[in-house]
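> sequence and predicted model, in that order:
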Amino acid sequence: YPLFEGTFETPFIGDYRTDLTAHVFRSLAEAMGAAIHISVTGQDDHHKTEAVYKAFGRALRQAIRVEGDTVPSTKGVL
């Protein structure tokens, strides 16, 4: 289940289309069968985009980390 809360003021950051940010996370959620909820606020579209990708990467790294014989999931599987 994807949820992306946030807007971008400019259609492009350099050559990157800002509308692709929400699209990437919708596609990932659907392909992974995962609930991905993203909320971003701020003034600078570049910094907002950078923060979204970095936060997701850090959360994913933590979620798939193996501790002993298990992953840190409330259901025990990822």
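Arrived safely. Numbering: from 1, shown residues only.

> so how far is the helix or strand hosting residue 31 off the chain centroid?
Assessed by DSSP states H and E, residue 31 sits inside helix 19-32. How far helix 19-32 lies from its chain's middle: 8 Å, per C-alpha atoms, centre = their mean, to the nearest Å.

> contacts for it, please.
In this structure, residues lying in contact with helix 19-32 by C-beta atoms under 8 Å, 6 or more residues apart in numbering are 1-2, 4, 6, 8, 11, 34-36, 38, 49, 52-53, 56. Placement of C-beta: from N, CA and C, glycine included.

> once you drop chain neighbours, what's closest to residue 10?
The shortest distance from residue 10 to any non-neighbouring residue, by C-beta to C-beta, 6 or more residues apart in numbering, is to residue 45 (5.2 Å).

> just the helices in this protein please.
Remark: helices assigned in the chain by DSSP state H are 19-32, 45-64.

> would a markdown table of the ones you listed with mean neighbour count and mean pLDDT be doable?
A markdown table is the format used below for those (neighbours: other C-beta atoms under 10 Å; pLDDT from 0 to 100):
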| stretch | mean neighbour count | mean pLDDT |
| --- | --- | --- |
| helix 19-32 | 14 | 96 |
| helix 45-64 | 14 | 95 |
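
> list buried residues within the contacts of helix 19-32.
Buried members of these, counted by 16 or more other C-beta atoms under 10 Å: 2, 4, 6, 8, 36, 38, 49, 52.

> which of those sit farthest apart?
The two members of the buried ones among the contacts of helix 19-32 with the most space between them (C-beta to C-beta) are 8 and 36, at 17.9 Å.

> strands - which of the buried ones among the contacts of helix 19-32 land there?
Using DSSP state E, 2, 4, 36, 38 are the members of these that sit in strands.

> just the pLDDT for the third one.
If you check residue 36, the pLDDT there is 96.

> do the same with the first one
The model reports residue 2 with a pLDDT of 93.

> can we start the residue count at 38 from this point?
Okay, using 38 as the starting number, the last item reads as residue 39.
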